[in-house]
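In: need a structure here:
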Amino acid sequence: MDQVAAFRNVAEVLRAAQQVAIEVENAPELRKTLRGFTPAECALLLGLTLPELKARAAQRLAEAPAGPRGRFSFAQLERLRSRTLPSADMPLRRKPGREALATVVFTNFKGGSAKTTSSVHFAQYMALAGYRVLLVDLDSQGSATAQFGFDPSREAGPDACFAAWTTARDEGRSATFDAAVLCRRTYWPTIDIVPAGAALAAAEESLTRRATAGQAEEPLYFEEFSAFLRQVPDRYDVVVVDTRPDVNMLMTAALHAASGIVVPTRASMTDLASTGEYFAHLAGYAAEFAQAFGTPLPLAFARILITAFDPTDRSQEALLALARERFGDMVLGRPFLHSRIIGTAGLGKETLYEYEPSSDRAAFQRALASTNAVNRLIEREVLRFWGRRLPAAEPRAKDTAR
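Out: I've put the predicted structure just below:
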């Protein structure tokens, strides 16, 4: 077998394996579906205790009976939210025309920093909190795409990922391009996704070509992602962006559309050194851009998220303390705890919000509480961006209710 044939064989076998895994994991529908939620979970998600939920919703729970095993669907959860909470406690969805679309970009140089894990969990947390979310995968590896049950090699081709937009711009078809066709429905009713795969390389090449052509060429490459977001349907509150872990044009274009960035990093010297290089790059680029165009990057916030954190590891504790001492509020107040539960859930391409443990529920609850605490802090940044009244830092119901 020659070199080309060997490479193609590996690609074909692994692509087929991924497709089979998606279908086996999600039989008989062959697509991922969202599990139901227990009354205790519904209470937690609504910020109520279970007795409070039962007291407020006794009649309505009877009107909308739970599904199998006493579970409630996502749609039933949304109805419970609208029927049981006082209007003052309802999540205020974005007011189009008065409040800008909030775009949160997860980015860093370093691979293995839990960037995709963080972005996908944040998207699902926001959906569970009542927001309408568009997840845009700008990483040609397509990990976020696969997490939502799409096959990056078969369902994120040149006409089905962000590359379709840049091609339309290159060919002068942007005025008639329907960006909505790229926003695919997922099994989460309030999350759509713009998937990614190897075809995304065409978008990178297009932006690189424009960047090397100089400022005279329109449209400017760094405005491309912002232009795309202006064309997407006005039904979203939040855009969550997963970027590729290196210096690239797609990441740069995402920065110009970002309301804020979250930079995940592990608490190790190697990872923090890489994160330092990322911020050095960001500082240099922001300075050059401000000098050239007389305006800063449009970031309302930039936060460092410590991931895979082990509180029993003294070196990690020391590095987290050092980061907080040096960078203050730029470091999110809660780290994303290390847990083998995330790996266990990942075997079935599930997040903590989708996974149901069969054992070691205490470890699962610790991981879930950590994830909720991190995502709540990022949600607060979004609300601050909108100029909203910030909610209490902690929920009324315990994160560990189940």
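
In: what about the residue nearest the centre of the chain, distance to residue 169?
Out: Geometric centre of the chain, nearest residue: residue 119, 2.8 Å, by C-alpha atoms, centre = their mean. The spacing between residue 119 and residue 169, counted by C-beta to C-beta, to the nearest Å, is 25 Å. To be clear about C-beta, it is placed using only N, CA and C from the backbone, and glycine gets the same treatment.

In: can you show me the strands along the stretch 51-200 of the chain?
Out: 102-106, 133-138, 184-185, 191-194 (DSSP state E, counting those that start in this stretch).

In: residue 320: which of these is closest?
Out: strand 102-106 (19.3 Å; C-beta to C-beta).

In: ok so, going back, nearest to residue 280, of the strands of the stretch 51-200 of the chain?
Out: strand 102-106 (18.0 Å).

In: the closest one pairs with which strands?
Out: Applying DSSP bridges to the sheet, strand 102-106 is found paired with strand 238-243 (parallel), strand 260-266 (parallel).

In: am I right that the residue nearest to the centre of the chain is in contact with residue 147?
Out: No: Residue 119 is beyond contact range of residue 147, at 9.5 Å (criterion: C-beta atoms under 8 Å).

In: just for the chain, where's the confidence low?
Out: 1-31, 56-70, 83-92, 214-219, 347, 391-402 (pLDDT under 70).

In: residue 37: how many residues sit nearby?
Out: When neighbours are counted by other C-beta atoms under 10 Å, residue 37 registers 22.

In: residues near the closest residue to it other than its chain neighbours, how many?
Out: Of all residues not flanking residue 37 in the chain, residue 72 sits nearest, at 5.1 Å (C-beta to C-beta, 6 or more residues apart in numbering). Counted with other C-beta under 10 Å, the neighbours of residue 72 add up to 21.

In: next one: the one 10 residues further on
Out: For residue 82, the neighbour count with other C-beta under 10 Å is 12.

In: now residue 193: closest residue in space, sequence neighbours ignored.
Out: residue 135 (4.7 Å).

In: residue 310 is in contact with residue 335, isn't it?
Out: No: judged on C-beta under 8 Å, residue 310 makes no contact with residue 335 at a distance of 9.4 Å.

In: neighbour count for these two, which is higher?
Out: residue 335 (22 against 15).

In: which residues does that one contact?
Out: Contacts for residue 335 (C-beta atoms under 8 Å, 6 or more residues apart in numbering) come out as 267, 305-307, 309, 320, 370, 374.

In: ok, it to residue 264 distance?
Out: Residue 335 is 10 Å from residue 264, by C-beta to C-beta.

In: and for residue 333?
Out: Residue 333 is 15 Å from residue 264, by C-beta to C-beta.

In: more neighbours: which of these two?
Out: For residue 333 versus residue 264, neighbours defined as other C-beta under 10 Å are more numerous around residue 264 (28 against 13).

In: which residues does the more buried one bridge with?
Out: Going by DSSP bridges, residue 264 forms beta bridges with residue 305.
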